[in-house]
Each structure stands twice: as C-alpha cells, then as structure tokens.
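Chemist: One predicted model, sequence on top.
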Amino acid sequence: CFCFFFNDTATTEIYTLSLHDALPICMSVDEAVRLIRGPRGTTVVLTIFRDNVQHIIKVVRATIQVPEIDYGMYKNTNVYHITLYTFSANSATLFDKAIAAFKKALNINPKYESGYNSLGNTLENMERYQEAISAFQKAIEVNPKYLTGYNNLANVFENQGRYDDAIETYKKLFEVNNKNLEGLWKKARLHLELNEFDKVIKICEKVLIINSEDSWSYILLASAYIGKKNRDKALELIQVSLLKKTNWLGAFYNNVGYCYDEIEDIPQAIEFYKKGIENGSQNAHTGIGQIFLTQGNIEEAEKYLQTAIEKQKDNSNALASLAILHSLKDEQDKANVLFEKVIESSLKKPNINNQFNHVVALIGLKRYEEANQLLKLLSSKYIISHLTIKGLMRDLELLSKSSNNSEKVKAFMINSKKILNAPKRKKVV
C-alpha cells in the first residue's frame with residue numbers, strides 16, 4: 001500500500017490507497033478527485049508513501065488535455081499509424097483528418113504501393129469499402145506485381161458479395177506469380193461457395209499437378225464431391241488430405257470437421273473440430289456448437305457458440321445459431337438482439353453465407369415478407385446447392401420448435417424450397 005497526504009490551504013487529510021489497482025480503500029474516486037481538484041494555477045502537495053519511503057510531489061493545478069487521436073509515420077519505418085485514444089462525437093472527424101493527412105503524404109510519394117495498401121486496410125476497418133477498393137487498386141496500379149494488394153482487393157470484393165470481381169482478381173494474382181498457389185485455391189474456394197463444383201475440381205487438379213502435396217486442394221476437392229453427392233469419393237480425398245502437411249493446421253482440421261459434418265459422420269466431425277480448436281482455429285467452435293444445438297445439447301452448444309462470438313464478434317453463423325438457441329430457451333429478448341446483429345453483419349459484408357443467415361434472422365424476428373423477398377433475390381443471383389438449402393432448413397426447423405408462430409415458419413420452409421428450386425445465377429455487380 002501507499003499513503004496520500006493531501007496538503008491544501010483548505011484541508012489536510014490522510015488516506016491509504018491500494019498500490020495494486022489504484023482504487024481507494026478509505027474513500028471513493030470521486031472524493032479523491034474532489035480533494036485534488038482546485039482553482040487553476042494553485043498548488044496541491046501530495047505526500048506519497050511507497051515501501052515505507054516518503055515522496056513529496058507538488059502539482060500545479062491546470063486543465064489536462066487528453067489527446068483523442070495521434071497519427072503519422074513511425075520513425076525509421078514505413079508504417080503509418082493512426083491511434084485513437086478515446087471515443088467522442090468528434091472522433092470520426094478527427095479520423096477523417098488523419099486519413100486526409102495520409103493521402104497527402106502519399107501524394108508526396110505516389111509510387112509507395114505499401115502506403116496505398118495500408119490506407120486500404122484502414123478504410124476497410126472503418127467500413128468504407130469502396131474507398132478501400134480504390135486504395136488497393138491504386139497499390140496494384142503502382143506495382144502490378146504487388147501480391148498483397150491483389151489478395152486484399154479480392155478479400156474486400158468477396159466480403160461485399162462481388163464474387164465475379166474477386167474470382168477475376170485471384171486469377172490475376174496467379175498470372176502475376178504462377179508459383180503462388182494460394183490465389184488458385186482461394187479462387188477454387190469461391191467457386192465452391194457459388195456451388196460451381198466442376199470448376200473447383202478443375203482448379204484443384206491443376207494445383208495438384210504443380211504440387212501434389214497441397215493438402216488444401218484435397219480438402220477442397222472433397223468438399224466439391226460432397227456437393228456433387230459423391231460421398232465415397234469425398235471420404236477418399238479426406239483421408240488423402242490428412243496424409244499431407246499444412247502450415248495452417250487449425251483451419252485445416254476445421255475444414256475436415258466440416259466435411260465430416262456434411263456427410264453426417266458426426267463423431268468424426270466433433271473430433272476434428274476439437275483438433276481445430278486445439279490448433280488455434282477461429283471457426284471450429286461454431287461448427288461444434290451447431291452440432292450440439294441440432295442434437296439438443298443446449299448447455300454445450302451455448303458454451304461453444306458464445307466462445308465463437310468472443311473470438312469473432314461478427315461471426316454470423318455463431319450469432320444466428322446462438323439466437324436460435326435463446327429462442328429455444330424462450331429467451332426471446334436475447335434472441336432478438338442477436339438476430340439484429342446477424343442482420344447488421346450481413347449489411348456490412350453481404351457475402352452469400354451472411355445473406356442466408358440474414359434470411360434466418362428475419363424469420364426469427366417474424367419479418368416473413370422481408371425474408372421472402374431476400375430469398376427470392378438470392379435465388380435470382382446464385383446457384384443454391386443442396387448443402388446451403390440443408391443448412392437453411394436445419395435452422396428453420398429449429399426455429400419452428402421455438403416460435404409461437406411455428407405454422408408460419410413451416411409454411412415459409414415449404415415456400416423456400418419452391419423458391420430455391422434450380423435457380424440460375426446472374427452476374428453480381
């Protein structure tokens with residue numbers, strides 16, 4: 001402990017404060033502040049005892065200016081930083097000022113591709129996606145061989161639901177560096193999300209000609225054959241993938257778990273989801289939580305889904321599943337808050353996955369006509385695979401057990417199958 005002696009012309013008092021957490025034992029923080037505060041320009045004497053040693057500190061009272069923001073280039077580096085110390089009504093304006101200063105610095109050195117890339121990352125984090133796209137495009141314009149720029153640009157396109165643009169960007173990435181296989185299997189992953197399974201198979205087979213040890217290509221192939229309802233081929237490819245090495249073991253095991261989940265080998269799915277968690281996967285908690293939710297193991301499901309959201313607060317899969325869980329527990333207020341977060345996540349990043357969770361959230365909020373219109377829009381844009389329909393029906397089936405409008409949910413399920421029957425994908429703009 002250490003002791004404060006407040007020596008002022010008005011009063012002299014002794015208090016003991018905790019050194020560990022700086023919280024007063026004998027008085028409140030407000031009382032301590034009241035004693036220290038006084039007219040500007042006057043002096044307050046603080047007598048501090050620490051480890052039985054007395055320290056006398058004289059402080060001249062003044063207005064303390066706490067900065068809201070700091071920005072600039074770190075010395076001896078090429079890193080531009082923006083530091084926000086506190087949030088206030090003025091923070092957005094100050095951030096805009098910092099961004100403007102960054103752009104001005106780039107005008108001085110317009111050939112600095114890393115600077116445009118850093119600006120793009122900052123703008124993306126601020127959810128100013130079109131400006132971020134422009135910044136990444138400028139980085140590539142400055143240096144047409146800048147691989148990081150292509151990766152980041154494709155990622156923004158994907159999150160905004162602009163799959164054709166993302167696929168084209170990954171194609172250019174491989175053209176720039178045909179040894180960069182990451183661009184190819186990321187392109188394959190997008191075709192997988194679009195349920196274009198034959199394209200996935202073609203790309204992965206191309207990658208395996210270049211590198212037969214690429215584990216991700218085998219697991220993507222397995223996912224494609226699951227989509228084509230060829231369970232035996234998928235199982236064969238899963239086993240081959242497990243013999244290969246990967247640098248991203250957690251994410252890899254999560255994908256293996258997903259494959260087993262889709263072919264309904266639940267014990268194996270749980271085993272590999274848990275291996276994914278052990279190796280740092282950010283998504284495996286969601287997969288195992290959804291399994292437990294479907295099985296009716298509410299306690300275990302809630303534990304895993306809550307952890308998933310703590311790790312990724314905008315994880316729409318976990319948010320939607322946890323919202324359904326609260327509906328099953330008749331905790332509708334909690335469910336509604338989470339359903340609204342699902343919608344918010346979808347509006348920020350309108351990729352296919354988030355938009356189907358958006359449909360589920362609208363049903364959970366009993367906004368049936370809006371859900372119907374969104375589903376029609378999605379079916380007009382994309383080829384919807386049986387796996388996507390299966391996931392949607394699973395969530396709606398669970399909601400029908402919790403809702404006092406269960407008949408409406410069941411009616412929506414019937415109508416959904418009609419809407420999703422063999423739709424044709426159009427170009428996303």
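Modeler: It's in.
Chemist: When you work out contacts or count neighbours from here on, use the C-alpha atoms and nothing else.
Modeler: Noted.
Chemist: from what I can see Ile226 touches Asp261, true?
Modeler: No - judged on C-alpha atoms under 8 Å, Ile226 makes no contact with Asp261 at a distance of 10.6 Å.
Chemist: where does this structure dip in pLDDT?
Modeler: For the chain, the stretches flagged by pLDDT under 70 are 1-29, 64-95, 98, 105, 403-404, 422-429.
Chemist: all strands for it, in order.
Modeler: For the chain, applying DSSP state E gives strands covering 2-7, 12-17, 43-50, 53-60, 69-73, 80-84.
Chemist: And the closest residue to Ile363 other than its chain neighbours, how close does it get to Ser385?
Modeler: Of all residues not flanking Ile363 in the chain, Ala371 sits nearest, at 6.4 Å (C-alpha to C-alpha, 6 or more residues apart in numbering). With distances taken as C-alpha to C-alpha, to the nearest Å, Ala371 is found 19 Å from Ser385.
Chemist: Repeat that for Phe252.
Modeler: Counting by C-alpha to C-alpha, the gap from Phe252 to Ser385 is 23 Å.
Chemist: ok, those two, which is more surrounded?
Modeler: Per other C-alpha atoms under 10 Å, whichever of Phe252 and Ser385 has more neighbours is Phe252, with 24 against 20.
Chemist: shouldn't the more buried one be in contact with Trp216?
Modeler: Yes - using C-alpha under 8 Å, Phe252 is in contact with Trp216, at 7.3 Å.
Chemist: sorry, back to before: isn't the residue nearest to Ile363 right next to Leu365, touching?
Modeler: No - in this structure Ala371 lies outside contact range of Leu365 using C-alpha under 8 Å: 9.8 Å.
Chemist: Compare the two and say which is more crowded by neighbours.
Modeler: Ranked by neighbour count (other C-alpha under 10 Å), Ala371 and Leu365 place Ala371 first, with 22 against 17.
Chemist: what residues are up against the more buried one?
Modeler: Residues near Ala371 by C-alpha atoms under 8 Å, 6 or more residues apart in numbering: His358, Val359, Val360, Leu362, Ile363.
Chemist: Repeat the analysis, applying 10 Å as the threshold.
Modeler: Shown in contact with Ala371 (C-alpha atoms under 10 Å, 6 or more residues apart in numbering): Phe356, His358, Val359, Val360, Ala361, Leu362, Ile363, Gly364, Leu365, Leu377, Phe412, Ser416.
Chemist: In helices, which of the residues you listed appear?
Modeler: Among these, DSSP state H puts Phe356, His358, Val359, Val360, Ala361, Leu362, Ile363, Gly364, Leu377, Phe412, Ser416 in helices.
Chemist: how many other residues sit next to the residue nearest to the first one when sequence neighbours are not counted?
Modeler: The one in question is Phe356. With sequence-adjacent residues excluded and distances taken as C-alpha to C-alpha, 6+ apart, Phe356 is closest to Leu392, at 7.3 Å. Neighbours of Leu392 under the rule other C-alpha under 10 Å: 18.
Chemist: Would you agree Leu392 is in contact with Gln355?
Modeler: No - taking contacts as C-alpha atoms under 10 Å, Leu392 lies outside contact range of Gln355: 11.1 Å.
Chemist: Output stretch 330-342 as PDB, nothing but the C-alphas.
Modeler: Output of stretch 330-342 as PDB, limited to C-alpha atoms (Å, rounded to 0.1, in the frame of the first residue of the first chain):
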ATOM      1  CA  ASP A 330     -37.800 -18.900 -24.500                       C
ATOM      2  CA  GLU A 331     -35.300 -16.000 -24.100                       C
ATOM      3  CA  GLN A 332     -36.800 -14.000 -27.000                       C
ATOM      4  CA  ASP A 333     -35.300 -10.700 -25.900                       C
ATOM      5  CA  LYS A 334     -31.800 -12.100 -26.000                       C
ATOM      6  CA  ALA A 335     -32.500 -13.900 -29.300                       C
ATOM      7  CA  ASN A 336     -33.800 -10.700 -30.900                       C
ATOM      8  CA  VAL A 337     -30.700  -8.700 -30.000                       C
ATOM      9  CA  LEU A 338     -28.500 -11.400 -31.700                       C
ATOM     10  CA  PHE A 339     -30.800 -11.600 -34.800                       C
ATOM     11  CA  GLU A 340     -30.300  -7.900 -35.200                       C
ATOM     12  CA  LYS A 341     -26.600  -8.400 -35.000                       C
ATOM     13  CA  VAL A 342     -26.800 -11.000 -37.700                       C
END
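Chemist: So which bits of stretch 293-302 are buried?
Modeler: For stretch 293-302, a neighbour-count test (16 or more other C-alpha atoms under 10 Å) marks Leu293, Thr294, Ile298, Ala301, Glu302 as buried.
Chemist: got the contact list for the closest residue to Lys303 other than its chain neighbours?
Modeler: Nearest residue to Lys303, sequence neighbours excluded (C-alpha to C-alpha, 6+ apart): Gly289, at 7.6 Å. The contact partners of Gly289, taken as C-alpha under 10 Å, 6+ apart, are 270, 273, 295, 297-308, 318, 321-322.
Chemist: And for Gly120?
Modeler: The contact partners of Gly120, taken as C-alpha under 10 Å, 6+ apart, are 114, 126, 128-139, 149, 152-153, 156.
Chemist: at 6 Å instead, please
Modeler: Residues in contact with Gly120 (C-alpha atoms under 6 Å, 6 or more residues apart in numbering) are Ala132, Ala135, Phe136.
Chemist: and these, which are buried?
Modeler: The neighbour count (16+ other C-alpha under 10 Å) marks Ala132, Ala135, Phe136 as buried among the contacts of Gly120.
Chemist: circling back to that earlier point, farthest pair in the buried residues of stretch 293-302?
Modeler: Thr294 and Glu302 (11.8 Å; C-alpha to C-alpha).
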